[in-house]
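Participant: Below: sequence and its predicted model.
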Amino acid sequence: MQATLRANRPRNLASRATPMKLARFWLVCIFFLAWACAIAARLFWLQVVRHSEYVERAQKQQQRTFEVAPRRGILYDRNLHELAMTVQVDSIYAVPSEIEDKKASAHALAAAVDNPEDKQAREDQIADRLDNGRGFAWVARRVTPEAAARVKALNLKGVYFQKEFQRFYPNNQIAAQVLGYVGLDDNGLGGLEGKYDAKLHGVPGKMFAAMDARRHVLGSVAQEPEPGQNLQLTIDENIQFMAERALDHNMERTHADNGTVVVQDVHTGQILALAIRPTFNPNQFRHTTPALLKNHAVSDVYEPGSTFKLVTYSAALESHVTTPDDPIDCQGGAITFNGRTIHDDKADHYHVIPVHKALEVSSDVAAVKLALKMGPDRFYQYIHDLGFGSRTGAELPGETRGLLRPTKKWGSTSIGSIAIGQEIGVTPLQLVSMVSTIANGGVYLPPHVLMPPPASANGQPAPQLEAQPFKAGGELPDPLPSGAHRVFSTLTAAEMRKMMEGVVLFGTGKAAQLNGYSSGGKTGTAQKIDPATHLYSKTMHVASFAGIAPINNPVIAVAVIMDNPKGGSYYGAAVSAPVFAEVAQQVLEYLNVPHDIDVREPKSTAKPEKPVREDDSDTEGSNINDLFAAVNDLPADDPLRQPASPPQEAPQPDPNSNAATVKAANPAEPHPSSGSDQAEVAEAASPPQPALRRVTISDGKRLNVPSLVGMSVRQVIETTATEGLQVQIDGSGIVREQAPAPGTQVPSGTKIVVRCGR
């Protein structure tokens with residue numbers, strides 16, 4: 001039995017050991033299973049849940065990301081001349097972790113950059129960025145080529161260069177308030193740069209640079225930026241220059257606080273020039289102040305004074321309450337209504353005169369009477385239809401509506417005040433648009449400074465901008481653009497243009513007369529409100545002139561506003577009308593507009609200064625026929641150098657003769673572009689002109705001499721080159737005389753002589 005027990009003991013022990021082993025096995029399995037689950041969960045957490053976070057952290061460690069600035073869009077004038085463009089320049093940055101002696105490096109870099117205007121390029125600023133930065137720090141941005149060369153010569157470790165775009169304005173201050181400027185971070189500030197920054201800026205790109213553990217670049221991948229959109233302005237660069245130069249001259253003469261000149265195409269409403277003074281250079285934007293950025297043409301509101309009488313008279317004619325020849329009683333220069341007395345100028349004591357004469361002498365009494373005949377509601381409607389009291393819609397920031405109260409808020413004498421340009425606030429852009437409405441036949445066209453994008457055949461915008469030079473003359477667009485509407489009939493507009501011409505010929509605007517072109521307009525002188533007393537000041541004024549030219553077929557409208565002129569006269573007739581004359585004369589000649597009246601010879605009682613000549617010749621006062629003979633070295637018996645003969649003594653040409661023939665032209669023949677009434681006036685006022693001769697020489701190849709009188713120097717050169725002739729130019733400006741006379745046939749190689757003057 002004991003033996004049996006001993007035999008069964010191992011079996012029992014083995015049976016008891018088996019469950020224990022199984023338990024341990026399962027414990028180990030459970031442990032490894034839990035371990036695997038924990039690892040899987042951790043991996044899921046790291047690689048799935050937080051995948052993007054760790055990828056981003058890895059990228060930060062393994063690569064650098066640089067933003068690639070897009071090329072900003074170009075601002076063109078209407079002829080596709082760049083007014084604002086983008087160029088590449090060097091910017092300097094550093095990797096502070098690679099620089100051992102940061103203080104010495106900051107000192108050397110500041111000395112090399114040497115830009116006192118950039119506060120961020122001072123030594124203390126550079127040192128602070130190097131101390132606080134680790135992977136990247138700007139040293140100086142958009143430096144000059146000379147500064148970049150000096151920094152490169154230092155050959156400092158950890159200092160690198162990066163190309164950046166910089167805005168550049170090739171004409172410096174030309175149209176500065178229209179364009180605005182761009183800040184250090186390529187953000188548009190002011191003007192069109194600010195308003196259309198989103199379009200002009202473009203979409204930035206990115207550059208990814210792979211780096212090793214020591215921060216060395218292994219390679220890079222770039223995502224190209226999208227360049228900004230180009231914009232085309234209605235501004236003509238040359239007309240803008242003419243307007244700004246004339247305004248500069250007047251600012252020096254009058255010492256006004258500020259001045260504005262606006263030139264508009266009367267048939268489209270497009271602004272050809274918008275000049276503001278004082279101004280700034282957008283290339284040096286650090287010197288710009290908010291006051292210099294202000295665009296007075298759209299932001300300034302002022303009482304227009306007598307220029308607003310154009311609205312009063314136009315509305316009265318359109319309302320059929322008067323005609324230009326109707327008599328109107330100016331009552332000796334004073335009118336009293338509702339307890340208020342309005343006076344004409346203290347020197348004017350007119351009684352019954354025609355309506356057109358009342359405008360010429362700028363009678364306040366007549367304007368008040370016409371407004372009272374219309375009534376406030378009808379008068380208000382015409383004012384509103386001409387765009388006053390509303391934004392014009394021009395693409396310029398900061399535009400104001402002006403000030404035009406509804407009739408229910410008018411006082412008992414408001415209609416009389418508004419009739420003479422008081423109790424109403426206008427902007428220069430509103431004023432020039434009103435004058436253009438009269439000029440183009442009575443249709444109000446909203447002003448614009450941006451050219452509409454050209455469309456392709458399917459109506460989509462064309463990929464390329466096209467030059468759209470301004471051409472004189474033209475018709476109203478058909479159909480009319482949005483916002484355009486008829487205000488006056490063509491008859492009313494024509495009558496008003498004739499009355500405006502009378503203002504320039506016989507009234508207050510004589511200083512606005514042009515040479516070779518008819519013109520019309522209206523002067524204005526308004527008192528300013530004194531900020532201290534809130535009453536009309538006796539010393540502060542706004543002098544203005546608004547006009548058009550030529551009268552019968554207007555091409556341009558010009559508004560000139562001078563704020564607070566000092567020193568001499570403050571009247572619009574003396575302060576602003578001469579600016580109109582200077583601008584309109586130059587613009588019409590630049591546009592090759594045909595003369596519609598006779599060209600006057602310059603009058604001078606003193607010995608004139610030597611004019612600037614194309615060839616620096618010294619022939620002032622000499623006979624042009626003698627000069628022609630001397631230039632061509634003609635013999636004494638040459639028919640071309642014979643003195644001119646009176647018309648009645650000139651021999652008739654013999655068509656059967658081969659000898660030289662002399663024919664006198666009729667000196668009384670009117671200018672081909674002059675009207676009959678204008679020719680009569682010019683004939684009565686001008687001295688008799690010497691007879692012209694046409695000479696035919698049968699000597700080999702003969703060339704016909706074209707008519708060059710009235711042309712600019714550039715036109716003369718082009719015309720004579722086309723005809724195969726040579727030319728000698730005496731003086732500058734437009735051609736006043738030529739030798740030989742038009743129609744003369746001369747041998748090949750003959751040099752035509754023209755005398756120019758302004």
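Facilitator: That came through fine.
Participant: Would you state the helices of the stretch 501-650 of the chain in chain order?
Facilitator: Taking DSSP state H, counting those that start in this stretch to define them, one finds helices in the stretch 501-650 of the chain at 572-575, 577-590, 624-632.
Participant: Pick the most deeply packed of the ones you listed.
Facilitator: helix 572-575 (a mean of 26; mean count of other CB atoms under 10 Å). In this view, the C-beta of every residue, glycine as well, is placed from N, C-alpha and C.
Participant: Show the contacting residues for the residue nearest to residue 110 when sequence neighbours are not counted.
Facilitator: With CB to CB, 6 or more residues apart in numbering as the criterion, residue 110 has its nearest non-adjacent residue at 3.8 Å, and that residue is residue 123. Counting by CB atoms under 8 Å, 6 or more residues apart in numbering, residue 123 makes contact with 106-107, 109-111.
Participant: what do you get for residue 107?
Facilitator: Applying CB under 8 Å, 6+ apart, we find residue 107 in contact with 123, 127.
Participant: Could you do residue 709 as well?
Facilitator: Applying CB under 8 Å, 6+ apart, the residues near residue 709 are 599, 735-738, 742.
Participant: same check, this time on residue 341
Facilitator: Residue 341 neighbours (CB under 8 Å, 6+ apart): 334-335.
Participant: State the phi and psi torsions of it.
Facilitator: Phi and psi for residue 341, reported as degrees, to the nearest 10, are phi -110, psi 130.
Participant: What distance do you get for residue 344 to residue 323?
Facilitator: The gap separating residue 344 from residue 323 is 22 Å, by CB to CB, to the nearest Å.
Participant: how much space between the residue nearest to residue 110 and residue 749?
Facilitator: When residue 123 is compared with residue 749 (using CB to CB), they lie 71 Å apart.
Participant: out of residue 344 and residue 323, which sits in the more crowded spot?
Facilitator: More crowded of residue 344 and residue 323, by other CB atoms under 10 Å: residue 344, with 23 against 12.
Participant: Tell me which residues touch the more buried one, please.
Facilitator: Taking CB under 8 Å, 6+ apart, we find residue 344 in contact with 330, 333-334, 350, 361-365.
Participant: So among those residues, which ones count as buried?
Facilitator: 330, 333, 350, 361-365 (16 or more other CB atoms under 10 Å).
Participant: Tell me which entries of the residues you listed lie within helices.
Facilitator: 364-365 (DSSP state H).
Participant: Strands along the stretch 501-650 of the chain, start to end?
Facilitator: Applying DSSP state E, counting those that start in this stretch to the stretch 501-650 of the chain gives strands spanning 520-529, 536-549, 556-563.
Participant: where does residue 359 fall, helix, sheet strand or coil?
Facilitator: helix (DSSP: H, G, I helix; E, B strand; the rest coil).
Participant: In contact with it: list those residues for me.
Facilitator: Residue 359 neighbours (CB under 8 Å, 6+ apart): 309, 313, 366, 499-500, 502-503, 507, 522.
Participant: most surrounded residue in those?
Facilitator: Highest neighbour count within the contacts of residue 359: residue 522, with 33 neighbours (other CB under 10 Å).
Participant: thinking again about what came up before, rebuild the helices of the stretch 501-650 of the chain as JSON lines, extending it with mean pLDDT.
Facilitator: Formatted as JSON lines, these follow (pLDDT from 0 to 100):
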{"stretch": "helix 572-575", "mean pLDDT": "93"}
{"stretch": "helix 577-590", "mean pLDDT": "95"}
{"stretch": "helix 624-632", "mean pLDDT": "70"}
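Participant: my guess is residue 315 contacts residue 380, does it?
Facilitator: No: counting by CB atoms under 8 Å, residue 315 stays clear of residue 380, with 9.6 Å between them.
Participant: Pick out whichever of the two has more residues nearby.
Facilitator: Per other CB under 10 Å, whichever of residue 315 and residue 380 has more neighbours is residue 315, with 25 against 21.
Participant: Give me the local confidence score for residue 168.
Facilitator: With respect to pLDDT, residue 168 scores 90.
Participant: One more: residue 353?
Facilitator: If you check residue 353, the pLDDT there is 95.
Participant: so it makes contact with residue 326?
Facilitator: No: assessed by CB under 8 Å, residue 353 is found out of contact with residue 326, at 10.2 Å.
Participant: list residues touching both of the two?
Facilitator: Common neighbours of residue 353 and residue 326 (CB under 8 Å, 6+ apart) do not exist.
Participant: Quick check: closest non-adjacent residue to residue 727.
Facilitator: Per CB to CB, 6+ apart, closest to residue 727 is residue 720, 4.4 Å.
Participant: list the contacts for that neighbour?
Facilitator: Shown in contact with residue 720 (CB under 8 Å, 6+ apart): 706, 708, 726-727, 752.
Participant: Now the two most distant members of the contacts of residue 359.
Facilitator: Within these, two members stand farthest from each other by CB to CB: 366 and 500, at 15.3 Å.
Participant: before we move on, the earlier item: just the closest of the buried ones among the contacts of residue 344 to residue 292, please.
Facilitator: When these are compared against residue 292 (criterion: CB to CB), the nearest one is residue 362, at 34.1 Å.
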